[in-house]
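Asker: Predicted coordinates and the sequence they were generated for:
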Amino acid sequence: MSGRSLPAGSRIRGVVTLAAGLWLAGFALQASATELNAAQQRGKQIYFEGVSPRGTEITAVVGDEAAMLPGSAMPCSGCHGSDGLGRPEGGIIPLDIRWSELAKTYGHVHHDGRRHPPFDDDSFIRSIIAGLDPANNPINRTMPMYQMSGEDMADLVAYMKVLEHDVDPGVSDESVTVATLLPLAGNAADTGEAMRMVLGAFFSEINEQGGVFGRRIELLAVPMGATPEASIDGLRGAFDSEGIFALVGAYTIGLDEPLLAFLRTDNVPLVGPFTLDPGDAYLDQAAFYLYAGFDDQVRVLTKQALANGAAQENILVLGPEGERTTRLQRAVREMLRGKDGEAVMRSYPADGFDAAGVAGGIADQGIEAVVFVGGQQEFDALIGELKNQAPVPRIYVLSSLIERPLTDLPALFDERVFLAYPTLSSDIDSRGRDEFGHLASKYGLPRDHIQAQVAAFAAAQLFVQGLRKAGRNLTRVRLVDGIEALYEFRTGVTPPLSYGPNRRIGARGAHIVTVDLDEKTYKPVGSSWHAAQ
C-alpha cells in the first residue's frame, strides 16, 4: 500500500511497520513551498486577500466609473489565481502575471495588437496604480487599479517575483503527499487501522495505474491523541515537519471545530472526513463532507412527519438544552417558515430528563409527532412513559444518537418510530461492491468496521476525482475548484455527491426507515432517500 504512519507523539520521518506486519517503502519529501522572507509574506497576504498586514488601507478602483471598493473585495488572486496564470471567466481573459512572463526580454504582443517592452519594478507599479503598460498604453479596464501605500506596493512586488515558485506544500512533479488523522490507538484503533488500510489500498491502485497526471499519491497517517488538543498538536507537528497538501478521509468525530480552525489558517483542503455531524461547518471554504449532518437529517425527519399527516403545530422538536438542540430547532423553524402554524420547540435539562412530564405535555397538547434529538437513555425513558397512553405519537430520531437496535419496542409503536440515516447499504451499487471487493481481497482488508471503511473509500475517490479536475498544474485552490465542479459524482458506495461554491455536503438528505416490530427489522420508507430541501 502507498502510505506510512507517524508513531503517536512523534514528529519524525521514516519507515514504520503496519499492524498487519507489512513494511512500507519510505520516500523523501521535498519542501515544495518557497521559503518567503518577511516582505514576501506581507505581499502574499496583499495578493490573496487584498488586505495590508501593516493595517493601512488598500482600495480597488473599478471600471470607467472609477467605483471605489475595499481591496479585499477584489484581491489579485480572484482573477489571476494562486499561480498568476489567470482563468478565463465571463469572456475576460486575465493576463499571465508570473514574473518570468512579465519580464521577458523581448516584451509582449497582445491579442488586440497592443505592444510593449518587458515590465520592471517601476512599470509594474505603474500598471497597478494607473492602468498603463510599459509603453504607456492603457490596459484593459476590466482590470482594477489599486491605491495602497508605498510600503505595501513594495511588499506586493517582492511577492510577485516569487509567486510562480511559491507552490503549495506536498506537491512535486512526481508526487502529491496527503495526510489523514485516525485513531490508531485506544478503543477505536481497529476502526482507524481499517480506514488507513482502505486509503492506502485505494491510493496504491491509483499509483499502479500511473498516478494522477504522473504524480503518485503518498499517504501519511497521523495518529489521534488522547484529547482533541493533543490530536491537533500532533497534526500541527506533522504539517510543520512534512510536506502535506491536503487532509483526506480523516476521523473527525469530536474534532470538527478545532480541526477546521487549524486547517483554515492555510486553507488546507479537508476531503471526505468521517464524522457524525458537520453542523454549519460545511460552509467552510476548503472542507468537503460526504454525508449530511444533523441539520439536514432533522429537516428530512420533519418532512416525513408532515407527509405522515402531522399538522405543523402538532410537531414537537425535543432535545437536551444546548447549542446543538438550539441549532436543530432553528433548522426546522427555518424550513417551515412561511407555512401555516409553527412547530413546538422544547428543551430539557441535559442532566435531568423528566420523561413523565414530557409525555404528559405531549398528551395535553395533542402532539402527533415528536422529532427527538436526544440520546438513547432519554429515548428509552420517553418510550416507557408514552406506552401508557393512547394514541401514541410517531417518533422521529437521529440514528447516530441511538446506540442499539429498536426492534424490541412495545408493539403499539410498530411502524410509528422513524430513523434518519445519512447512508445505508442500499447506496452501494454493483460497481462499488466490485471495486471495494477487489481492494478487500487484494489488500486483506478487515471484515468489520465496514461503515468507516466505505467512508474512507468514498473520500479517496473524491480526492482523486478532485485531482483530475484540478489538472496538471496542481494547487490547493485548483483542487477546491475541481471538487466544487462535481455534480452527482458516483462513488458506487454513497448517494451521488454534488458540490459547489456554497455547497460543502455532497449528499444533502437522508434515508428514512421505520421499525417493523412484527418482522424485527427496519423497513425503508418510500424510495428511502429523501432530499433535505
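Answerer: Yes, it's here. As the structure is a computational prediction, the values presented were derived from the model and not from experiment.
Asker: Isn't Gly319 up against Phe372?
Answerer: Yes. Using CB atoms under 8 Å, Gly319 is in contact with Phe372, at 7.0 Å. In this view, the C-beta of every residue, glycine as well, is placed from N, C-alpha and C.
Asker: So Ala179 lies in a strand, does it not?
Answerer: Yes. Read with DSSP: H, G, I helix; E, B strand; the rest coil, Ala179 is one of the residues of a strand.
Asker: What are the buried residues along the longest strand along the chain?
Answerer: Using DSSP state E to define each element, the chain has its longest strand at strand 521-531. Using 16 or more other CB atoms under 10 Å as the test for burial, strand 521-531 gives 522, 525, 529-530.
Asker: gap between Thr423 and Ser400?
Answerer: 11 Å (CB to CB, to the nearest Å).
Asker: More neighbours: those two, which one.
Answerer: Set Thr423 next to Ser400 and count neighbours by other CB atoms under 10 Å: Thr423 wins out with 21 against 17.
Asker: Specify the local secondary structure of the more buried one.
Answerer: Under the three-state scheme (three-state DSSP), Thr423 adopts coil.
Asker: if I look at it, how far off is Thr191?
Answerer: 16 Å.
Asker: what packs against the helix or strand that Phe457 is a member of?
Answerer: Using DSSP states H and E, Phe457 maps to helix 450-470. Counting contacts by 3 or more CB pairs under 8 Å, 6 or more residues apart in numbering; DSSP states H and E, helix 450-470 packs against helix 189-208, strand 246-248, strand 270-271, strand 287-291, helix 430-443, helix 476-484.
Asker: residue ranges with poor pLDDT in this structure?
Answerer: Within the chain, the segments meeting pLDDT under 70 span 1-34, 87-93, 279-284, 340.
Asker: Outline the domain layout of it.
Answerer: 4-17+170-291+429-502, 38-165, 295-421+510-531 (automatic domain parsing).
Asker: which residues touch Ser77?
Answerer: By CB atoms under 8 Å, 6 or more residues apart in numbering, Ser77 lies in contact with 47-48, 477.
Asker: where do the strands sit along the stretch 201-350 of the chain?
Answerer: 216-223, 246-248, 270-271, 287-291, 315-320, 344-348 (DSSP state E, counting those that start in this stretch).
Asker: Which of these sits closest to Ala307?
Answerer: Judged by CB to CB, the one of these that comes nearest to Ala307 is strand 315-320, at 11.8 Å.
Asker: Am I right that Arg508 is in contact with Trp529?
Answerer: No. The criterion here is CB under 8 Å, and Arg508 misses it with Trp529 at 10.6 Å.
Asker: Spell out which residues are contacts of both of those two.
Answerer: Contacts common to Arg508 and Trp529, judged by CB under 8 Å, 6+ apart, are absent.
Asker: Would you mind giving the contacts of Ser77 as TSV with distance to Asp429 and neighbour count added?
Answerer: Formatted as TSV, the contacts of Ser77 follow (distance: CB to CB, whole Å; neighbours: other CB atoms under 10 Å):
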residue	distance to Asp429	neighbour count
Tyr47	45	22
Phe48	41	16
Val477	32	20
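Asker: And those, which is closest to Glu342?
Answerer: For the contacts of Ser77, the nearest to Glu342 is Val477 (43.2 Å; CB to CB).
Asker: what's the nearest residue to the closest one if we skip its chain neighbours?
Answerer: Leaving aside its sequence neighbours, Val477 sits nearest to Ser82 (CB to CB, 6 or more residues apart in numbering; 4.3 Å).
Asker: And Asp121, by the same measure?
Answerer: Val157 (5.6 Å).
Asker: what's near enough to touch that neighbour?
Answerer: Applying CB under 8 Å, 6+ apart, the residues near Val157 are 43, 121, 124-125.
Asker: what's the answer for Met74, then?
Answerer: Per CB under 8 Å, 6+ apart, neighbours of Met74: 50, 60, 62, 144.
Asker: do you know how far Ala452 is from Thr180?
Answerer: Distance, Ala452 to Thr180, using CB to CB: 12 Å.
Asker: Could you name every residue contacting both of the two?
Answerer: 195, 251.
Asker: more neighbours, these two?
Answerer: Counted by other CB under 10 Å, Ala452 and Thr180 do not tie: Thr180 has more neighbours, with 28 against 20.
Asker: what's that one in contact with, if anything?
Answerer: Residues near Thr180 by CB under 8 Å, 6+ apart: 195-196, 199, 219-222, 247-251.
Asker: ok, back up a step: can you put the helices and strands packed on helix 450-470 in TSV and add distance to Gly492?
Answerer: Below are these laid out as TSV (distance: least, CB to CB, whole Å):
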stretch	distance to Gly492
helix 189-208	12
strand 246-248	18
strand 270-271	17
strand 287-291	13
helix 430-443	2
helix 476-484	18
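Asker: Looking at these, spot the one closest to Glu101.
Answerer: It is, among those and with distance given as CB to CB, helix 476-484, at 18.6 Å.
Asker: next structured bit after that closest one?
Answerer: Downstream of helix 476-484, the next assigned helix or strand under DSSP H and E is strand 505-507.
Asker: following that following strand, which helix or strand shows up next?
Answerer: Toward the C-terminus, strand 505-507 is succeeded by strand 509-516 as the next helix or strand (DSSP H and E).
Asker: follow-up on the earlier one: list just the nearest of the buried residues of strand 521-531 to Val332.
Answerer: His530 (14.7 Å).
Asker: Can I get stretch 69-89 as CSV, trimmed to CA atoms?
Answerer: Taking C-alpha atoms only, stretch 69-89 is exported to CSV below (Å, rounded to 0.1, in the frame of the first residue of the first chain):
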residue,chain,number,x,y,z
LEU,A,69,-14.1,49.2,-3.3
PRO,A,70,-12.1,47.7,-0.5
GLY,A,71,-9.1,45.8,-1.8
SER,A,72,-10.5,42.7,0.0
ALA,A,73,-13.4,42.7,-2.4
MET,A,74,-11.1,42.3,-5.4
PRO,A,75,-7.8,40.7,-4.5
CYS,A,76,-5.4,39.9,-7.2
SER,A,77,-5.8,36.2,-6.8
GLY,A,78,-9.5,36.5,-7.6
CYS,A,79,-8.8,36.8,-11.3
HIS,A,80,-5.2,35.7,-11.7
GLY,A,81,-5.4,32.7,-9.4
SER,A,82,-3.0,31.3,-6.9
ASP,A,83,-0.4,30.7,-9.6
GLY,A,84,-0.7,34.0,-11.5
LEU,A,85,-1.8,32.3,-14.7
GLY,A,86,-5.3,33.7,-14.8
ARG,A,87,-8.6,31.9,-15.5
PRO,A,88,-10.9,32.9,-18.4
GLU,A,89,-14.2,34.0,-17.0
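Asker: got the buried residues for that stretch?
Answerer: For stretch 69-89, burial by neighbour count (16+ other CB under 10 Å) applies to 71, 74-86.
Asker: Centre of the chain to it, how far?
Answerer: Distance, stretch centre to chain centre, for stretch 69-89: 23 Å (CA atoms, centre = their mean, to the nearest Å).
Asker: Phe203: neighbouring residues, count only.
Answerer: When neighbours are counted by other CB under 10 Å, Phe203 comes out with 25.
Asker: Before I go, just wanted to say thanks for your time.
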